[in-house]
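**Student:** Mind looking at a prediction? Sequence and model below.
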Amino acid sequence: MTMPTLMLLTLIIPLVGGVLLTFQTNANTRDIISLVTASVLFLVVLGIYPGVLSGQSEALILAEPITGLAFSLQAEPLGLLFATVASGLWILTTIYGIGYMRGNNETNQTRFFFCFAISIAAAMGIAFAGNLITLFVFYEMLTLATYPLVTHKGNEDARRGGRVYLGILMFTSIGFLLFAILWTYSLTGTTDFTPGGILQGNASPTIALILLTLFAFGTGKAALMPFHRWLPAAMVAPTPVSALLHAVAVVKAGVFTVLKITVYVFGIDFIADTGAGTIVLWVAAFTLTAASIVALTKDNLKARLAYSTVGQLSYVVVGAMLANAAGIIGAAMQIAMHAMGKITLFFCAGAIYVATHKTNISQLDGLGHKMPFTFAAFFIGSVSIIGLPPMGGAWSKWFLLMGSADAQQWILIGLLLLSSLLNIAYLLPIVGRGFFRPLPAQDAAQYTAGTIQEAPINCVVPLCLTAAGCVALFLFGDAIYEFLQPVFTVAEPAGPAQ
Amino acid sequence: MIEGLFNYWVVIILMMAGLYVVMASRHLVKKIIGLNIFQTAVFILFISLGKVSGGTAPIIADGFAVYSNPLPHVLILTAIVVGVATTALGLAIAVRVYEAYDTVDEEDIAALDAEDQQRDNAVSTVTDTTS
Amino acid sequence: MISTQLPAIVLLLTLLSAPICSMIRNGDHAWKLAMFAVWLSVAAAFALMSQVWGGTTLSYHMGGWPPPWGIEVRVDELSALVLILITLFGALVISALRESLRTVMRSHRHSLYYATFLLCMAALIGITITGDAFNVFVFLEISSLSTYALIARGRDRRALVAAFRYLIMGTIGATFILIAIGFMYMVTGTLNMADLAQRLPEHADNKVIQASFAFFTVGIALKVAVFPLHYWLPNAYTYAPKATTAFLAATATKVALYVMIRFIFDVYGVEFSFSQMRLDMLLIPLSIAGILLGSMTAIFQSDVKRLLAWSSVAQLGYMVLGVALLNTSGLTSAVTHMFNHAMMKAGLFLALAAMIYRVGSSNLRDLAGIGRTMPLTTAAFVILGAGLVGVPLTAGFISKWYLVSAALDKGWLPLAALLIISSLMALAYIAKIVDAAYFQPVPDQHQNVRDVPVSILTPVWVFALLTIYFGIDTRMTAGVAERVAQALLSVAS
């Protein structure tokens, strides 16, 4: 099959799967359909690799309502990496979600899996979008499709969270992102993602600075402060949603958008020459430090993980704004590494909730002995997020530091190291409580009676797999590095000689 | 000055009088009268345009070489019909307003409307579904 | 044979069936006749569009008298597009009308209602295709008179007052236009629009022509409801019978806008209107004020009908702004939005009519939870609402895109930002309805509400699907609009 067909399939498969789901009344057939859809999608995404590796870049034009403004799909390494991460983790999340939703006897499960499938389709669309406007459409689709998932519980809390979620994401995307897209179009007459960028020669440094700032803040999903509030608010969602969407698909879609815009709209040389990234770089640097400090103060496990996500996302933005090869590679790797690490942590948080109905960190004392797999996985995920070998996270942090050094941003290096220390301070004590604190007296009876034990096997297996994934990514860091190289080898000849 | 442009002065005076009545009068029927005066002013403007000095009615006959322009007159015939229709409709609506509100005074109607508005906001309109 | 007579046929179909309708006592039969006439007009309108496609102009001489003595009917791409707008959207509304009227009035009155409706449509068609300035006035008055009658049929007694106020304002506006036409005739001695266009430039410095222009601008601004002459619109839309509002919102102001574009660009000429009279200096601030005030007021309405009416004030502001920006993108946006907004607003009002049909009120409080009780109607409403906001892949996006491009082409960044902000305001008032429809509990008395009959639901969904269709395939909307814009502007250079 040709690349355009495959890309189209990545959109169609989740949609068809989602529609099929709604006709199933039997919970078992529904779950099987979910699993099959997720697996087929992953295989199709893998099928795109040979084409991209051999340098094909055939575009698929879906419609062209305004001249020079088409809805088109085009595969390139960054998008493919994002698509692989999202579709691969979708399989695990589906398995996990089935266990979680059944374990908690959640209602409206069909709607839940349907919206999930639509969200994945939107994420695929973002990954393969061939221009800004296509990206914008799928970006909004993702916001809208995840809204029913965030408000799934349907109580007043969920609705309030949902309103913040929708309010911030829609406001920033229409107010800033769409404006920036229109401005770009009016400057260049195109919105296509082109290696080397399209703004070079069309925008003065001042305009580039304003535009890039608009783009970065407009991508509310990247959770730059002060537009990060939606992410903690979204934590009212069931844990599988938080795990896949708010650790992987939605937030990564945000930072992926920023990354893609820096590389393919501005071009890294253009940013490096004009210093257009200055404002965003320091906002991101502030965000990653501040979010880590806020995370320290949170006792609710999911809230702490949410703020940790806010901080980790800013690493990607920092990498993009450094505008050099090491920075971009670090940023792209961070998308994959953080996805794997954070989904592990969320799976663990969900597993703890299913098994014990505990949501706060201070209640976790001594649980490690009862739930050894969960807490071990949590430890591995934490180490990966912090960025220590032998976990995948080490690579991305390493490249980001390299990038900062290349750009001679010494203060930034200091902040990145400080943030790593803060990561240790807010993640490892959770594991410590589980293993080294004694059981609280009032819970002891329950524990000995055996009512508290590991979560269902459906929950435990995925989290062990993702933990293993964190280790595997460390071993395959080199492969990812090689895969991402074309982003620059194509980019450089296209840019003007310096 | 006034003599040569006499027709225009009449038109302007009638037009302003008509518009003033439309705006200043609270009585719906009086508003329609004002509207009529206003329209009549425009009709007169058109008709006087068609007049050619020394011209006669545009009927071809021996001994007459100068005719008045008939086109504006024909146009205004149409416009008068439109005006009559407007007046008829306006009066019909005024009658219906009187039936519904028991008054044709604009300010009284506004007060009654405000009451309606309050009622709309206060009670749900369950009863309406039955009609 | 038939194809050469099309310009006359498209007008006569509705014009002749109107009196016949009024004579049929049985409302159902009258409806069938109206449906027949109207859908044939739709076919005729599309046939005309295919004839003028690419930029040709048809000139049809009524009764065989050549212009400028006889009355000329002129159809070009712009008028063909407006014809499709009137006939297609009118036809869709009429399709839903029979079921919708059933709850409002006794059946022997229906025939008269259909007759008025057809008459209004015929007059609007007449305005669109005539090449004679005086005809424009006559048809404008016929359409207005039938509109007043339609509005006065509203169930609420406030409909009468709204109709009366509209009558006063509308008549003043139309008479102003008559004065303007009279002045033009005074100077040039012709009423044929093409002939006027040729003769007017040499009189550009004539005070009479300048006065004529001023009278015309105020008169037509009343009809288009340009801020601050929009006073009649919210009440007229709110209290008109529910399905009628859909038709009015789609056509009346849009055709007035068409007349405005026709006269400003074709008759008076771009040079005179903009370079000499500086019309843009007047229209740009007014339209911006209309956009902001309309959107702002819409946000605070609790009655959805009134909310949509105020949104119309804002949306008309977009179109007038597009005209006033005086570049290709702007004019393209105005013409495209004329069509798109007619479609979306008609659809929204029709969907709302369907809700009122079941719930009996358009208050937000009564529409709570309607997404659960009437899922199909509400889903269509949401699609149309998304179009109004300007979400990509809907028709509204296309016209907004052109408008913002027009502002950016001029280098007016603050204006572009303002337009984005106004889109956010549109998002806010649509979100308010969506929030009530999907996230509020269903009131007890509305628990048994269900979706409307297919005869209403189908037109609603056709509107919704068209909104998506014209968001993707824009050959007939933006494509035509762009050619029209280039033609209208090139007259100047």
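**Tutor:** Thanks, I have it.

**Student:** low pLDDT regions in the stretch 51-200 of chain C?
**Tutor:** Low-confidence segments of the stretch 51-200 of chain C (pLDDT under 70): C:104-105, C:107.

**Student:** What is the neighbour count of the residue in the stretch 151-300 of chain C that chain A sits nearest to?
**Tutor:** In the stretch 151-300 of chain C, the residue that lies nearest chain A is residue C:295 (13.6 Å; CB to the nearest CB). In short, each C-beta sits where N, CA and C put it, glycine included. Neighbourhood size, residue C:295 [other CB atoms under 10 Å in any protein chain shown]: 24.

**Student:** do the one 5 residues further on as well
**Tutor:** When counting by other CB under 10 Å, one arrives at 10 neighbours for residue C:300.

**Student:** For it, report the pLDDT, please.
**Tutor:** Note on residue C:300: pLDDT of 90.

**Student:** Identify the residue nearest the residue of the stretch 151-300 of chain C closest to chain A in space, chain neighbours excluded?
**Tutor:** residue C:425 (3.8 Å; CB to CB, 6 or more residues apart in numbering or on different chains).

**Student:** doesn't residue C:296 make contact with the one you found?
**Tutor:** Yes: using CB atoms under 8 Å, residue C:425 is in contact with residue C:296, at 6.6 Å.

**Student:** Backbone dihedrals for residue B:62, please?
**Tutor:** As for residue B:62, its main-chain torsions (degrees, to the nearest 10) stand at phi -60, psi 140.

**Student:** How many neighbouring residues does it have?
**Tutor:** Considering only other CB under 10 Å, residue B:62 is surrounded by 4 other residues.

**Student:** returning to that earlier point: how about the secondary structure of the residue nearest to residue C:295?
**Tutor:** helix (DSSP: H, G, I helix; E, B strand; the rest coil).

**Student:** that older thread, out of residue C:425 and residue C:296, name the residue with the larger neighbour count.
**Tutor:** residue C:425 (19 against 15).

**Student:** who touches that one in this structure?
**Tutor:** Residue C:425 makes contact with C:292, C:295, C:296, C:298, C:299, C:314, according to CB atoms under 8 Å, 6 or more residues apart in numbering or on different chains.

**Student:** Point me to the residue sitting farthest from the middle of chain C.
**Tutor:** Distance to the chain centre peaks in chain C at residue C:444, reaching 37.8 Å (criterion: CA atoms, centre = their mean).

**Student:** As a check, name the ranges of all helices in the stretch 201-350 of chain A.
**Tutor:** Remark: helices assigned in the stretch 201-350 of chain A by DSSP state H, counting those that start in this stretch are A:205-218, A:230-233, A:239-244, A:250-261, A:268-274, A:278-297, A:301-322, A:325-356.

**Student:** Which of these sits closest to residue C:41?
**Tutor:** helix A:205-218 (45.8 Å; CB to CB).

**Student:** Return the residues in contact with the residue farthest from the centre of chain C.
**Tutor:** Residue C:444 neighbours (CB under 8 Å, 6+ apart): none.

**Student:** my read is the residue of the stretch 151-300 of chain C closest to chain A is in a helix, agree?
**Tutor:** Yes: counting by three-state DSSP, residue C:295 is located in a helix.

**Student:** Tell me how far the residue nearest to residue C:295 lies from chain B.
**Tutor:** Per CB to the nearest CB, to the nearest Å, residue C:425 is found 23 Å from chain B.

**Student:** Just give me the neighbour total for the residue of the stretch 51-200 of chain C found nearest chain B.
**Tutor:** Nearest to chain B in the stretch 51-200 of chain C, going by CB to the nearest CB, is residue C:157, at a distance of 3.9 Å. Around residue C:157 there are 18 other residues, counting by other CB under 10 Å.

**Student:** Excluding chain neighbours, what is closest to it?
**Tutor:** residue B:100 (3.9 Å).

**Student:** Would you map the strands across chain A?
**Tutor:** For chain A, the strands defined by DSSP state E cover A:59-66, A:69-74.

**Student:** now these in JSON lines, with mean neighbour count, mean pLDDT and distance to chain C?
**Tutor:** Listed next are the strands of chain A as JSON lines, based on neighbours: other CB atoms under 10 Å in any protein chain shown; pLDDT from 0 to 100; distance: least, CB to the nearest CB, whole Å:
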{"stretch": "strand A:59-66", "mean neighbour count": "17", "mean pLDDT": "75", "distance to chain C": "5"}
{"stretch": "strand A:69-74", "mean neighbour count": "22", "mean pLDDT": "81", "distance to chain C": "7"}
